[in-house]
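Novice: Below are the sequence and a predicted model; questions follow.
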Number of protein chains: 2
Amino acid sequence: MTEVKLLGGQGRGDYAQARLAEFVANCRRKKMAVTPQRRAVLRALLESGDHPRADRVYARVRREHPHISLATVHRTLERLCEVGEARKVTPLHETARYDGNTRPHHHVVCVRCKRVEDLEAPEFDTLLAGRQTLGEFHLLGCSVEVRALCHRCRKRTAGRSPSAA
Amino acid sequence: MTEVKLLGGQGRGDYAQARLAEFVANCRRKKMAVTPQRRAVLRALLESGDHPRADRVYARVRREHPHISLATVHRTLERLCEVGEARKVTPLHETARYDGNTRPHHHVVCVRCKRVEDLEAPEFDTLLAGRQTLGEFHLLGCSVEVRALCHRCRKRTAGRSPSAA
DNA sequence: TAGCAGATGATAATTATTATCAATGACGGA
DNA sequence: TCCGTCATTGATAATAATTATCATCTGCTA
């Protein structure tokens, strides 16, 4: 059986404090303004151990910051992802794509042009194969999305590291 | 190096014909009406080897079927996924979720309530570790989404197999 | 501390998807 | 083969999430 570990919502307390301090330092380094709104959005994100949608973050930030705009929350979350302070748990293509191939398979997605190709990689499936459950979860299967740059996009892309990592 | 294989757009010609015949048979078995629209949508999906969005499918279907409604295309694609004739290449939660945890990790998502938990599974990453490219793709990393049922949802869910597989 | 580039708030616009509902047509039974 | 029923369709309105716009404001460097 392979090593897989569920992580509890560990984004609380000290961790949040440390990350917030790091964030300020990183902003200074990157010449990115440290505004109260940005701090508040990141704090709200770190304090909610789950994976909130923008509107949940908005609701939480408003408790301390009643004047913040929803647009700012959206913008800030995107910004945080760009600079590597957060991750967006969504596929690279925002809108639904459909696939007529019903055999089990995974996908490679170009992070730039969002082109999707099918990928056969039975290894991925075998990793969970022996396992029925994980903590309180009853496992059904898994989908792997391999992030990549296609040939064409690679030629045109300068280094903008964290957003793709 | 592990066995991973890119699949070309193999959804053409004979394959489409066979799948279409199967589809009709499956509909009969499941008492689901076989309408020209449904046939056309599935054919369009099979004929486009890529992973089209609903609007692309709509555009293609309209060439033969100028009166079809966009709503029907959306409905039909969803329906096809429900009965296992197609797959939706999108996370289970439609709207963006954000994650303040910047360590590399994956996710478990409950297919019913869409709850997301972090998952540490280095094994997944090692599978691609030795590999720089895959066909014309330059690899960057991968995200695994493990589909599961959380404890609470499991208790309330009757068997509706294909949509979750 | 002044000035400016970048950030914000308010709001409009856009985009994808779903809901509504009357009209239609697929399909099992006569 | 025809008929009645009920799922499906088309047209359109509604919803929901996100992005664009733009005037105003504010961190930050000099």
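Specialist: Cool, the structure landed.
Novice: so which helix or strand takes in the closest residue to A:Tyr15 other than its chain neighbours?
Specialist: Setting aside the residues directly before and after it, A:Tyr15 is nearest to A:Leu46 in space (C-beta to C-beta, 6 or more residues apart in numbering or on different chains), at 7.0 Å. Every C-beta, even on glycine, is put in place using the N, C-alpha and C of the backbone. Secondary structure assignment for A:Leu46, by DSSP states H and E: helix A:36-47.
Novice: Enumerate the positions of that helix that are buried.
Specialist: By neighbour count on 16 or more other C-beta atoms under 10 Å in any protein chain shown, the buried set for helix A:36-47 is A:37-47.
Novice: With pLDDT and distance to B:Pro52 added, can I get those residues in a markdown table?
Specialist: Below are those laid out as a markdown table (pLDDT from 0 to 100; distance: C-beta to C-beta, whole Å):
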| residue | pLDDT | distance to B:Pro52 |
| --- | --- | --- |
| A:Gln37 | 98 | 38 |
| A:Arg38 | 97 | 37 |
| A:Arg39 | 97 | 42 |
| A:Ala40 | 97 | 40 |
| A:Val41 | 97 | 35 |
| A:Leu42 | 96 | 37 |
| A:Arg43 | 96 | 40 |
| A:Ala44 | 95 | 37 |
| A:Leu45 | 94 | 33 |
| A:Leu46 | 93 | 38 |
| A:Glu47 | 91 | 40 |
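Novice: which of those come close to DNA strand C?
Specialist: A:37-38 (C-beta under 7 Å from any atom of the strand).
Novice: sorry, back to before: what's next to the helix holding A:Leu46, contact-wise?
Specialist: Applying C-beta atoms under 8 Å, 6 or more residues apart in numbering or on different chains, the contact partners of helix A:36-47 are A:11-12, A:15-16, A:19-20, A:23-24, A:27, A:52, A:57, A:60-61, A:64-65, A:68, A:72-73, A:76-77, A:79-80, A:85-86, B:98-100.
Novice: How is chain A divided into domains?
Specialist: A:13-82, A:106-164 (automatic domain parsing).
Novice: closest to B:Ala121 out of those?
Specialist: domain A:106-164 (7.3 Å; C-beta to C-beta).
Novice: near chain B, anything from that closest one?
Specialist: Yes: judged by C-beta under 8 Å from any C-beta of the partner chain, domain A:106-164 comes into contact with chain B at A:107-108, A:110-111, A:115-124, A:127-128, A:134-151, A:154, A:164.
Novice: Among these, which ones are in helices?
Specialist: A:122-124, A:127-128, A:151, A:154, A:164 (DSSP state H).
Novice: what about the strands in chain A?
Specialist: Secondary structure of chain A (DSSP state E): strands at A:5-7, A:87-89, A:97-99, A:106-110, A:116-120, A:133-134, A:137-149.
Novice: Pick out the shakiest of those, pLDDT-wise.
Specialist: Sorting the strands of chain A by mean pLDDT places strand A:5-7 lowest, at a mean of 79.
Novice: burial count for the residue lying closest to A:Arg112 once chain neighbours are set aside?
Specialist: Once flanking residues are discounted, A:Arg112 sits nearest to A:Cys153: 3.9 Å by C-beta to C-beta, 6+ apart. Using other C-beta atoms under 10 Å in any protein chain shown, A:Cys153 has 17 neighbouring residues.
Novice: Do I have it right that A:Cys153 meets A:Cys113?
Specialist: Yes: contact criterion C-beta atoms under 8 Å: A:Cys153 and A:Cys113 qualify, at 5.3 Å.
Novice: The lengthiest helix in chain A to helix A:36-47, inter-axis angle?
Specialist: Using DSSP H, we find that the single longest helix of chain A is helix A:13-30. With axes from the mean of the first three to the mean of the last three C-alpha atoms, to 10 degrees applied, the angle from helix A:13-30 to helix A:36-47 works out at 140 degrees.
Novice: right, quick check: helix A:13-30 against DNA strand C, any contact?
Specialist: No: residues of helix A:13-30 contacting DNA strand C under C-beta under 7 Å from any atom of the strand: none, with a closest distance of 8.6 Å.
Novice: Just the buried positions in that helix, please.
Specialist: A:16, A:19, A:23, A:27.
Novice: give me the subset of those residues touching chain B.
Specialist: A:Arg19.
Novice: Among the buried residues of helix A:13-30, which one lies nearest to chain B?
Specialist: The nearest member of the buried residues of helix A:13-30 to chain B, counting by C-beta to the nearest C-beta, is A:Arg19 at 7.1 Å.
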